[in-house]
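[1] Fold the stuff below for me.
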Amino acid sequence: MADTRYRQIYHILKSRIQQGLYATGDFLPSEHELCRSYSITRTTARKALDELLREGFIEKQHGKGSQVVERRQSLGLLTVKGFSEAVGPYVRAVFLERPLAQNWPDELPFAPSAKELEHPCYFFKRLRYVGDEPVMLESNWFSTFGMEDFHQEGFVDDSFFKTLSQKYLIEITGSEQEIRAVHATGEIADLLGIAGGSPILQISIRFATSKPHLHIYGYLYCNTSKYPIGNFYKH
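    Numbers count the residues shown, from 1 in each chain. Okay, the predicted model is just below:
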């Protein structure tokens with residue numbers, strides 16, 4: 001029963017974080033406050049907070065409590081070094097193709113499951129800039145199942161992963177990646193503003209999520225001449 005109760009408290013707190021009721025930098029109620037609010041033991045409260053800590057939703061601040069952190073930073077997903085140092089309007093992502101339901105393409109970086117193929121997929125393409133300089137071209141595919149209204153939603157803070165978390169309570173839980181050095185050709189070279197044949201990185205990726213039978217498939221093409229790619233994913 002105690003195990004069931006701690007999971008209930010964990011899910012309540014997790015949902016409130018995902019929905020933005022507890023924002024990044026906020027402190028969660030203390031163990032004592034949780035015990036009083038939910039009529040639970042201190043051990044149950046601690047187990048719920050420890051689970052949030054393990055999943056990267058909070059950090060323990062000595063003498064202060066449990067502070068909500070930006071989970072994308074905790075996971076260390078693929079980032080461009082220099083993005084975090086750039087400020088406000090100098091970092092932006094521009095949609096080349098907005099999310100739209102369509103048939104799955106014949107070729108993807110990894111093979112979708114039979115369950116995923118039972119439904120159409122969403123596809124969108126974006127170009128990421130630092131200032132006026134394009135640095136990353138990204139294409140993404142994922143099943144429409146359970147998210148049939150996704151194309152009607154705007155992105156939260158220009159973030160795909162934050163949108164999944166806050167609007168659908170879906171978290172990124174892992175990834176598989178293949179990284180190759182290739183030469184930019186055609187549309188890719190034009191979009192990245194580089195000469196045809198210039199060396200770039202192609203990253204093929206499949207993200208696992210907390211939703212059963214949902215993966216996110218993508219290609220990233222990165223001009224690393226000025227902003228090197230840092231892959232800090234914690235498996």
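[2] which residues in this protein form helices?
    Along the chain, counting by DSSP state H, helices occupy 2-18, 31-38, 42-54, 71-75, 114-117, 160-168, 186-192.
[3] Dump these into JSON lines; add mean pLDDT as well.
    JSON lines is the format used below for these (pLDDT from 0 to 100):
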{"stretch": "helix 2-18", "mean pLDDT": "86"}
{"stretch": "helix 31-38", "mean pLDDT": "94"}
{"stretch": "helix 42-54", "mean pLDDT": "92"}
{"stretch": "helix 71-75", "mean pLDDT": "50"}
{"stretch": "helix 114-117", "mean pLDDT": "95"}
{"stretch": "helix 160-168", "mean pLDDT": "89"}
{"stretch": "helix 186-192", "mean pLDDT": "94"}
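[4] what's the closest of those helices to Gln202?
    Shortest separation from Gln202 across the helices of the chain is recorded for helix 186-192, at 9.0 Å, computed as Cβ to Cβ. In this view, the C-beta of every residue, glycine as well, is placed from N, C-alpha and C.
[5] closest to Lys125 out of the helices of the chain?
    helix 186-192 (9.4 Å).
[6] need the contact list for Gln67.
    25-28, 58-61 (Cβ atoms under 8 Å, 6 or more residues apart in numbering).
[7] Mind putting the residues you listed into TSV with distance to Ser139, neighbour count and pLDDT?
    Supplementary listing: those in TSV, determined by distance: Cβ to Cβ, whole Å; neighbours: other Cβ atoms under 10 Å; pLDDT from 0 to 100:
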residue	distance to Ser139	neighbour count	pLDDT
Gly25	33	9	91
Asp26	35	14	94
Phe27	39	13	95
Leu28	37	20	95
Ile58	33	26	91
Glu59	33	14	92
Lys60	38	12	91
Gln61	39	10	90
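[8] Going by distance to Leu127, which of those wins?
    The shortest separation between Leu127 and any of the contacts of Gln67 is 30.1 Å, and it belongs to Gly25 (by Cβ to Cβ).
[9] hmm, back to that, between the contacts of Gln67, which sits nearest Ala93?
    Proximity of the contacts of Gln67 to Ala93, judged by Cβ to Cβ, is greatest for Gly25, which lies at 23.3 Å.
[10] The closest one against Val68, yeah?
    Yes: taking Cβ atoms under 8 Å as the definition, Gly25 is a contact partner of Val68 at 6.6 Å.
[11] Overlap of the contact sets of the two?
    Shared contacts of Gly25 and Val68, counting by Cβ under 8 Å, 6+ apart, come down to nothing at all.
[12] buried set for stretch 202-216?
    Of the residues in stretch 202-216, those with enough neighbours to count as buried (16 or more other Cβ atoms under 10 Å) are 202-207, 209, 211, 214-216.
[13] Then stretch 8-25?
    Residues of stretch 8-25 classed as buried by neighbour count (16+ other Cβ under 10 Å): 9-10, 13-14, 17-18, 20, 22.
[14] that older thread, could you list which of the contacts of Gln67 belong to strands?
    Secondary-structure check on the contacts of Gln67 using DSSP state E: residues within strands are 58-61.
[15] and these as JSON lines, adding distance to His32?
    Converted to JSON lines, these look like this (distance: Cβ to Cβ, whole Å):
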{"residue": "Ile58", "distance to His32": "17"}
{"residue": "Glu59", "distance to His32": "19"}
{"residue": "Lys60", "distance to His32": "15"}
{"residue": "Gln61", "distance to His32": "16"}
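[16] quick one: which of the residues you listed is nearest to Glu118?
    Each of the ones in strands among the contacts of Gln67 was scored against Glu118 by Cβ to Cβ, and Ile58 proved nearest at 36.4 Å.
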